[in-house]
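S.K.: here are the coordinates; sequence isn't available:
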């Protein structure tokens, strides 16, 4: 994929808190292993030792010092730059699948639609940091934020971003859907309120399509 | 200063490793205290709890994962955004002196001239993060890098950036001098190879000029 038959596959999973991204990633990992694919599971922010340290800064609530929105935006892209250089590009070049729990689209949804940063600024950062790298496919798990946040709450304490109010996550969801509308070929929107087996069947269909494409390229 | 008679003063100290920035900052702190000025001493990267955590990521050598240049650049500006929002702007608004060991010029010198990032990219990040904020005066302690690095070596283990080779610091020094040439009113270049008393006398002259300006504004 990545426009070249001999490269790996870059797959990203997106969605607001509690829509079932982790469960989806586990399903993808198992299913691809059954198909004898070499898979690297990763996430954003994070994915490398240094990028995970940046993740910790981004998600730790800090009662004594509010994080400036600009700081959040730049830390997200700093972590992404490291993730791309140290993990994503080398793994794709080594013909592996890279399955990332969130990637660039999350910045358009969270920092763009959520925090209100101009899309032109996100476009510029994307141009610098991500360049021509693009997921071969993106699975967007979509559900009303209230549902997801209730699920996330059951997992325990909220991180800094999970502490935002419901209207923030409504904007994030809209941001994701707007982003998906711009690139309908890459995006696969899956209704995350459906049963787990229905969600997995739809994910499987996305993966099978990619596996067939790889086969026919050989 | 900052264009308004009732605001504080923003003073930055710049220069490559080992030129005596810390000693200069201590001298400034003592001298301004003698003049009954309220002074906040700070530094970049760092200056707030969160920004200091970013500093630690920036300066810790990591044998297992090389930091991507893009990551370094964005971490520097993420730390700066936090420093400005949480410390510099509130302190200046409270009519204090803010004396910072490095600021924006360091990014032009280190990431621009040193790492080779386009100045247009630094201009864009500066526009986003720093905006109209500008030091009232900048003291550039200038010396051949070889001298400074020998001094820095005497302080013990080198941090990640101090581990760079001598030609990197030659470029950094040139970057500083080029930046100073663009803004000769703000910059005060002091030859750091002179005696400590000569350096202090020159710093004192810079401070006295600002103190007189404050007086005449009242």
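M.R.: Happy to help now that I have it. Because the structure is predicted, anything quoted here is derived from the model rather than measured. Residues are numbered from 1 along each chain as shown, chains lettered A, B, ... in the order given.

S.K.: got any ranges where chain A has weak pLDDT?
M.R.: The model of chain A has pLDDT under 70 over residues A:1-6, A:218.

S.K.: could you tell me which residues of it lie near chain B?
M.R.: Within chain A, the positions near chain B by CB under 8 Å from any CB of the partner chain are A:48-50, A:53-54, A:57, A:62, A:64-68, A:70-71, A:74-75, A:77-79, A:81-82, A:84-86, A:121, A:124, A:128-129. Just so you know, the C-beta spots here come from the backbone N, C-alpha and C atoms, and that holds for glycine as well.

S.K.: buried subset of those residues?
M.R.: Listed as buried from those are A:48, A:50, A:53-54, A:57, A:67-68, A:70-71, A:74-75, A:77-79, A:81-82, A:84-86, A:128-129; burial here means 16 or more other CB atoms under 10 Å in any protein chain shown.

S.K.: which ones are touching the nearest residue to residue A:113 once chain neighbours are set aside?
M.R.: Distances taken as CB to CB, 6 or more residues apart in numbering or on different chains place residue A:175 nearest to residue A:113, at 2.5 Å, with adjacent residues excluded. Residues near residue A:175 by CB atoms under 8 Å, 6 or more residues apart in numbering or on different chains: A:108-110, A:112-114.

S.K.: and for the helix or strand residue A:199 falls within, what are the contacting residues?
M.R.: Using DSSP states H and E, residue A:199 maps to helix A:196-217. Residues outside helix A:196-217 that contact it (CB under 8 Å, 6+ apart): A:1, A:5, A:9, A:11, A:20, A:23-24, A:27-28, A:31-32, A:35, A:37, A:136-137, A:139, A:141, A:188, A:190-192.

S.K.: again, only this time at 10 Å
M.R.: A:1, A:4-6, A:8-9, A:11, A:13, A:19-20, A:23-25, A:27-28, A:30-32, A:35, A:37, A:95, A:97, A:99, A:136-139, A:141, A:188-195 (CB atoms under 10 Å, 6 or more residues apart in numbering or on different chains).

S.K.: work out the gap between the helix or strand the residue nearest to residue A:113 falls within and the centre of the chain.
M.R.: Residue A:175 is located in helix A:166-182, with elements delineated by DSSP H and E. Offset of helix A:166-182 from its chain centre (CA atoms, centre = their mean, to the nearest Å): 13 Å.

S.K.: which SSE is immediately downstream of it?
M.R.: strand A:187-191.

S.K.: can you tell me the closest non-neighbouring residue to the residue located most distally from the centre of chain A?
M.R.: Distance from the C-alpha centroid of chain A peaks at residue A:64, with 29.5 Å (CA atoms, centre = their mean). Closest residue to residue A:64 apart from its sequence neighbours, by CB to CB, 6+ apart: residue B:49 at 6.7 Å.
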